[in-house]
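Trainee: 3D, please:
(2 chains)
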Protein chains: 2
Amino acid sequence: MDFTFDVIAADEHDRLQALYAPLTQAIRDLVQAGIRTGVDEDSIREAQRAIEAVTATLDRIHHDDNPRMRHAETERPVVWANPVIGQRNALAPPLTVHHDGDGRCWSEFELGAAYEGPPGWVHGGICALVLDHVLGEAASSGLSKPLFTGTITCKYLRGTPLGPLRVEAFAERVEGVKTFARGYLSDADGVTVEAEGVFIMPAWARDAG
Amino acid sequence: MDFTFDVIAADEHDRLQALYAPLTQAIRDLVQAGIRTGVDEDSIREAQRAIEAVTATLDRIHHDDNPRMRHAETERPVVWANPVIGQRNALAPPLTVHHDGDGRCWSEFELGAAYEGPPGWVHGGICALVLDHVLGEAASSGLSKPLFTGTITCKYLRGTPLGPLRVEAFAERVEGVKTFARGYLSDADGVTVEAEGVFIMPAWARDAG
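Mentor: Numbers count the residues shown, from 1 in each chain, chains lettered A, B, ... in the order given. As a prediction, the model looks like this:
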C-alpha cells in the first residue's frame, strides 16, 4: 500500500469543500426524508425516478480513483469519503475533529434518526464507530500516521440519546508499533460510553520507516 | 420506554418493503455517486437543487412517529430505520440477518466506497458497527428481547477489504440480566475481526418482566 500524498493548497481545499459539502448535506437530508416520509405510493415512485436521474448525472464523470491529498497548512490527510468525517460522504454525520496541542482531540456533533438503534437512542454500533474513529485520530496524530485498529473495547455506561453529543480522545502511550488511546462519548449529563483501543503500525509502514 | 408492538401482517410487510426498498436503494446509489462524482460545478449545483426538491416532496407528509411493529410470522421487530439492517435507511448496507434454529445468526453482504477507511479497506469502526449489531441480534434472539450493549471488544486480526463479506454471531451464555455473545467478520480468506460482547436487559424491562 502506498501512503504518499499530493498536497492540496488551503484555497483549493476550501473551494472544493464549498462545492461538495452542500451537495453532501442535501443527500444527508434526503436520507432522513427517506426514513420518515409518509407520502403516497406514486410520490414515492416519482421520487425514486428523480433520484435515479440525479445519480446518472453525477455518475457521468468520476474523479480520479482515490486521490489522497494532504492539506498544505494542517498537513493532515483530506479524507473526503470517510464515513465519520468525510465532507463528501452522506453517511458521515460528519464530525469535525479538533486537535489540541497536547495530543487530545474532540468533536461536538449531532446524531439524528439515521443513527437510531432502540427508539430514541443511538445504535450501540454507531457509538463504537465514532469512538473507533476519534481514538484512531488521537493515536495517529490526526490520521498523519498509517495506523490500523488492533483492538477496541467500548463500555456502555448508559444509553446515548439522539441529539447533540461530544466525543474526545487522547493517546495514552506508545509501545513499539502499538499506540494506546482512550476516549469518551458524552451527552449534556456526562459520559455515556468509554472506549480504549490499541492502534498498530502495519508491517509495510515499519519496513518503510 | 414502551416496548410494545403493533403486529404487521406478512403481506403488508412485503408490500411496504417492495415500495420502500427500491427508494432506499436509489438513495444509497446517490450517496455513492456523491462520493465519486467528478462532474463540473454547475452540474453539482443542479444536482443539489434537484435533490433538495425531492426531499421537500418526501417531507410533505411524515409517517407516524416511530411506529414499532412486530412481523406476524417471524415475530421479530420490523426496524425499518436501523442503520445496519433497515430497509428504509440508506446508511444501512443493508444486512439481511438469518437466524438459524440453534441460536446462531449470520449475514452475507457487501461493503462499498461509502464504508471505506484506509484506501481499499473497510473503516475499523464500520466493522465494529456491523459486529455490535449482529452480536446484539444473537443475544436478543433477533431483537425480540430489549437488550442494550454493555461492553463490546473487537480484535482486528487483519484489514477487512471492501467487497463481499460475511458476519456470524452466537449467544454463548446468559447470567442473570447479562447475555454473552461472540462473533466474527470474514472475507473469502477467513476471519478478519473477532468480537465478544455483553448485552444487558435494562432495569425497566426487568421490572416489567
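
Trainee: Which strand runs longest in chain A?
Mentor: strand A:163-175 (DSSP state E).

Trainee: Can you give the domain ranges for chain A?
Mentor: As assigned by the TED database, chain A contains the domains A:1-79, A:93-207.

Trainee: hmm, stretch A:189-196 in reach of chain B?
Mentor: No - Stretch A:189-196 does not reach chain B (CB under 8 Å from any CB of the partner chain); its nearest approach is 8.8 Å. The way it works is simple: take the backbone N, C-alpha and C, and place the C-beta from them, glycine included.

Trainee: And that stretch, what's buried?
Mentor: Using 16 or more other CB atoms under 10 Å in any protein chain shown as the burial criterion, the residues of stretch A:189-196 that qualify are A:V191, A:T192, A:V193, A:E194, A:A195, A:E196.

Trainee: Can you tell me which of the domains of chain A is nearest to B:P22?
Mentor: domain A:1-79 (5.7 Å; CB to CB).

Trainee: circling back: the longest strand of chain A - contacts with which helices or strands?
Mentor: In this structure, strand A:163-175 makes packing contacts with strand A:104-111, helix A:124-139, strand A:178-187, judged by 3 or more CB pairs under 8 Å, 6 or more residues apart in numbering or on different chains; DSSP states H and E.

Trainee: which of the domains of chain A is buried the deepest?
Mentor: domain A:93-207 (a mean of 20; mean count of other CB atoms under 10 Å in any protein chain shown).

Trainee: list the contacts for the spatially most central residue of chain A?
Mentor: What sits nearest the mean C-alpha location of chain A, by CA atoms, centre = their mean, is A:V84, with 1.3 Å. Listed by CB atoms under 8 Å, 6 or more residues apart in numbering or on different chains, the contact set of A:V84 reads A:A92, A:P93, A:P94, A:L95, A:L129, A:V130, A:H133, A:V134, B:H123, B:G125.

Trainee: The lengthiest helix in chain A: how far from the chain's middle?
Mentor: Longest helix in chain A, counting residues (DSSP state H): helix A:10-36. The chain centre lies 14 Å from the centre of helix A:10-36; the measure is CA atoms, centre = their mean, to the nearest Å.

Trainee: Determine the angle, from 0 to 180 degrees, between that helix and helix B:10-36.
Mentor: Helix A:10-36 and helix B:10-36 meet at an angle of 170 degrees, taking axes from the mean of the first three to the mean of the last three CA atoms, to 10 degrees as the criterion.

Trainee: Show the subsequent helix or strand relative to helix A:10-36.
Mentor: Note on helix A:10-36: by DSSP states H and E, the next helix or strand toward the C-terminus is helix A:41-58.

Trainee: which helices and strands sit right next to that next one?
Mentor: Packed next to helix A:41-58, using 3+ CB pairs under 8 Å, 6+ apart, are helix B:10-36, helix B:41-58.

Trainee: would you turn the ones you listed into JSON lines with mean pLDDT?
Mentor: Shown next, in JSON lines, are those (pLDDT from 0 to 100):
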{"stretch": "helix B:10-36", "mean pLDDT": "95"}
{"stretch": "helix B:41-58", "mean pLDDT": "98"}
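
Trainee: what are the bridge partners for the residue nearest to A:I152 when sequence neighbours are not counted, then?
Mentor: By the measure of CB to CB, 6 or more residues apart in numbering or on different chains, the closest residue to A:I152 outside its immediate chain neighbours is A:G197, 3.9 Å from it. Under DSSP bridges, the beta-bridge partners of A:G197 are A:I152, A:A181.
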